[in-house]
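Visitor: Compute the structure for the input listed below.
(2 chains)
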Amino acid sequence: MPEFEQHISGSPTGRSLDNQGVARVFADIATLLKLKGESVFKIRAYTRAAEVFEHLPGQVALLAQDEDQLKEIPGIGDAIASKTHELVTTGKMEYFEKLRGEFAPGLLDLMTVPEVGPKTALRASEDLGVESIEDLEAAIRDGSFATLPRVGVKKAQSILNHLEARFSQADRMPIGKALPIAEQVISALYQAAAEVRRLTIAGSVRRWRDTAGDIDILGVADDPESVTAAFTALPMVVDILGQGGTKASVIVTGGAQVDLRVSDERHFGALLLYFSGSKQHGISLRARAQKIGLSLNEYGLTDKGSGELTSYDTEAGVYRALNLPYIPPEIREDLGEIVAAESGNLPDLVELSQICGDLHVHSDWSDGRVPMEQMVREAALRGLEYVAMTDHSSGRGIANGLSVERLAAHNEEVLEVEQAAGGIRVFKGTEVDIRADGTLDYTDEVLAELDIVIASVHSGMSQESDVMTARIIKAIENPHVTAIGHLTTRFVLDRPPVEADFDAIFRAAASNGTLMEINASPKRMDLKDSHIRQARELGVRFLINTDAHNPDNLDQLRYGVGSARRGWAERKEVLNTLPVAEFERFLDTPKPERASFITEQVVTG
DNA sequence: GCCGTTTTCGGCCCGACTGTTTTCAGTCG
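Guide: Numbering: from 1, shown residues only, chains lettered A, B, ... in the order given. Alright, predicted model coming up:
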């Protein structure tokens, strides 16, 4: 696990307390309370708080300066508001420190192992002195672990398998790995099980989360058992974790876990809803069902008075029975979508089919793989109306960045390629480096020759927050910069985001009419969902770009659209949903007036 | 610990599978 994701331990000397850090503390408290055998409802409250903080648009550290503001968030009451305030102002929380002191330090780690819950972890610690993952492995290997109550040889072996899997791969995988695996498994299972009528992705992959712990697939068949049997027999399956009549779990080549659940057509709507999550969204829906005398499970809605079950073959049917419109999977995170649905204020989320152009594309002029002409042809094949060729600037020596002279030649070639392609509009562009001091690699005179300027940070990523903030805002204020590319420079599960005051950055972007790129590369997915939501609430507008370096990358737009939808972005907020003529009108608008052009688009859009 | 068109007290989401049992606890999603 990368360093930035480890426990922050509330240390004032460590990284500043970001939302992840605060969330981590509350999640750890919930785990410690489980070890203590506390009320499940109290545990749930802390778990809920952790999830709320993790996904909060805006900074918890700022919001928590004022406890009353915190308490306005559903799920945050007196006790948690006060503890959060203490944590963000002092860097420590007495309650957490005290709780943590009551248990062996390694217990939290132990419980991250599948099939090791609070009871097992505590037993192992008290009876066998197991206090770390390494101790656990040793206790399993010497046979002592299997002697614990309700543990046996099989369970011990199964846990050992999990440990070995963990040593060879990370806990979660990026969606860029999970989604293609899901699609391969579905395709193979259609071939292998003739009787299966439908197969659908569920879980966090369906919600387009940037990472997935496992891959959930749902099926419809009259004889579920034969489908689960075919599933466990697929050639890519390397290990079977469990197999019953209606569900099975396997490990496939590459180490990913895939869960399959099969039902009949009648119950499919409730089942898909149930297994698409999120967990919190499901809990809120079930609580809502309770209020009107119904009980919701994966088979449908049961009238608590008569005991009668109503089944639904679509998710929309279940929502309708709960007096709600259909809520798209991407926003099912219990972050206000149910309230928005109730009041008829669900966002009209942007769709992949609405994207008309890609404004961040590389060729072999810099670090792309193929000639410009081929990239443009491939973009046209995918139905795009326009594309911008944005090869790197000279500062990216390693990426074969363009000198001013080569950029001029690059501009010439854009015109030729556009003529030859016939039909697709090709914009002259650059992905210009934002240097450490906030200046750009090209002068304003050079930039003025271009249609599209994507300004990105590629170096000096560990700058202090205030330095980085000033650096990026300086680029935002440049009159020629169309958009800021991959703002945080993070790689999913692989490189932490830069530290910066995103609130200030988004405000500057909105007032300057500078767009924010939603970089669709599954490696980046940057902006991420919560930043998109924060930005749009501050009036920022977006581009969804692939940052393609080869033709295949052009197909990755869907990851960017998935992120945008998770961030509640609407079509009118994404400028490259504009048809080419409208988009050119946007480009013809000078920067100071772009902010109002955008607002006009919103009003009339 | 949170919360209130049945409640400021008494509720709070639900089922499958496994391995250990001899009817069910533990874990997961």
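Visitor: pLDDT weak spots in the stretch 1-150 of chain A?
Guide: A:1-16 (pLDDT under 70).
Visitor: Can you find the helix or strand in chain A with the smallest mean pLDDT?
Guide: helix A:591-604 (a mean of 66; mean pLDDT, DSSP states H and E).
Visitor: quick one, domains of chain A?
Guide: Per the record, chain A has its domains at A:3-101, A:107-168, A:173-263, A:267-342, A:352-604, by automatic domain parsing.
Visitor: Of all those domains, which one comes closest to DNA strand B?
Guide: Nearest to DNA strand B, of all these, is domain A:107-168, at 1.3 Å by CB to the nearest atom of the strand. (C-beta placed from N, C-alpha, C; glycine too.)
Visitor: Spell out the residue ranges of the strands in the stretch 351-500 of chain A.
Guide: A:357-361, A:386-389, A:425-433, A:452-456, A:483-484 (DSSP state E, counting those that start in this stretch).
Visitor: buried set for whichever strand or helix holds A:Ile544?
Guide: Element membership for A:Ile544, per DSSP states H and E: strand A:542-545. Neighbour-count burial for strand A:542-545, counted by 16 or more other CB atoms under 10 Å, picks out A:Phe542, A:Leu543, A:Ile544, A:Asn545.
Visitor: Counting by contacts, list what the helix or strand just after that strand packs against.
Guide: Next along the chain after strand A:542-545, taking DSSP H and E as the criterion, comes helix A:557-566. Applying 3 or more CB pairs under 8 Å, 6 or more residues apart in numbering; DSSP states H and E, one finds that helix A:557-566 contacts helix A:175-192, strand A:515-519, helix A:529-537, strand A:542-545.
Visitor: re the thing from before, for my notes, please list the buried residues of strand A:542-545 in a markdown table and give distance to DNA strand B and pLDDT for each entry.
Guide: Listed next are those as a markdown table, based on distance: CB to the nearest atom of the strand, whole Å; pLDDT from 0 to 100:
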| residue | distance to DNA strand B | pLDDT |
| --- | --- | --- |
| A:Phe542 | 31 | 96 |
| A:Leu543 | 34 | 97 |
| A:Ile544 | 29 | 98 |
| A:Asn545 | 33 | 97 |
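Visitor: Can you name the residues of the stretch 51-200 of chain A that neighbour DNA strand B?
Guide: A:71, A:74-81, A:113-121, A:146, A:149-156, A:158 (CB under 7 Å from any atom of the strand).
Visitor: Just the residues you listed: which are in helices?
Guide: A:71, A:78-81, A:118-121, A:153-156, A:158 (DSSP state H).
Visitor: what's the burial count for A:Glu412?
Guide: 11 (other CB atoms under 10 Å).
Visitor: scratch that, A:Leu56
Guide: By other CB under 10 Å, neighbour count at A:Leu56 equals 18.
Visitor: which residues does the nearest residue to it once chain neighbours are set aside contact?
Guide: The shortest distance from A:Leu56 to any non-neighbouring residue, by CB to CB, 6 or more residues apart in numbering, is to A:Asn19 (5.7 Å). For A:Asn19, the contact set (CB atoms under 8 Å, 6 or more residues apart in numbering) comprises A:Phe53, A:Glu54, A:His55, A:Leu56, A:Gln59, A:Val60, A:Ser530.
Visitor: A:Ala535 contacts A:Ala509, correct?
Guide: Yes - the pair A:Ala535 and A:Ala509 passes the contact test of CB atoms under 8 Å, sitting 7.3 Å apart.
Visitor: Got a quick ChimeraX command for the buried subset of the ones in helices among the residues of the stretch 51-200 of chain A next to DNA strand B?
Guide: What follows is the ChimeraX syntax for the buried subset of those, where burial is set by 16+ other CB under 10 Å:
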select /A:80,81,118,120,121,155,156,158
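Visitor: what's the farthest-apart pair in the ones in helices among the residues of the stretch 51-200 of chain A next to DNA strand B?
Guide: Using CB to CB, these span at most 50.5 Å, a distance reached by A:Lys71 and A:Val153.
Visitor: just the buried members of the contacts of A:Asn19?
Guide: Buried among those (16+ other CB under 10 Å): A:Phe53, A:Glu54, A:His55, A:Leu56, A:Gln59, A:Val60, A:Ser530.
Visitor: Can I take it that the second one is in a strand?
Guide: Put plainly, it is A:Glu54. No - if the criterion is DSSP: H, G, I helix; E, B strand; the rest coil, then A:Glu54 is helix and not within a strand.
Visitor: Tell me how far it lies from A:Asp437.
Guide: A:Glu54 sits 34 Å away from A:Asp437, going by CB to CB, to the nearest Å.
Visitor: try the first one
Guide: Taking CB to CB as the measure, A:Phe53 falls 34 Å from A:Asp437.
Visitor: Around DNA strand B, which positions in the stretch 501-605 of chain A sit nearby?
Guide: Counting by CB under 7 Å from any atom of the strand, the stretch 501-605 of chain A has no residue next to DNA strand B.
Visitor: Give me the below-cutoff pLDDT ranges for the stretch 151-300 of chain A.
Guide: A:165, A:167-171.
Visitor: can you map out the helices along it?
Guide: Under the criterion DSSP state H, counting those that start in this stretch, the stretch 151-300 of chain A contains helices at A:153-168, A:175-192, A:203-206, A:224-232, A:268-276, A:279-291.
Visitor: could you dump the fifth one to CSV, C-alpha only?
Guide: In CSV, the C-alpha atoms belonging to helix A:268-276 read as follows (Å, rounded to 0.1, in the frame of the first residue of the first chain):
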residue,chain,number,x,y,z
PHE,A,268,-33.5,-9.1,-11.1
GLY,A,269,-34.4,-5.4,-10.5
ALA,A,270,-34.1,-5.8,-6.7
LEU,A,271,-31.0,-7.9,-7.0
LEU,A,272,-29.2,-5.5,-9.3
LEU,A,273,-30.1,-2.6,-7.0
TYR,A,274,-28.9,-4.5,-4.0
PHE,A,275,-25.5,-5.6,-5.5
SER,A,276,-24.8,-2.3,-7.2
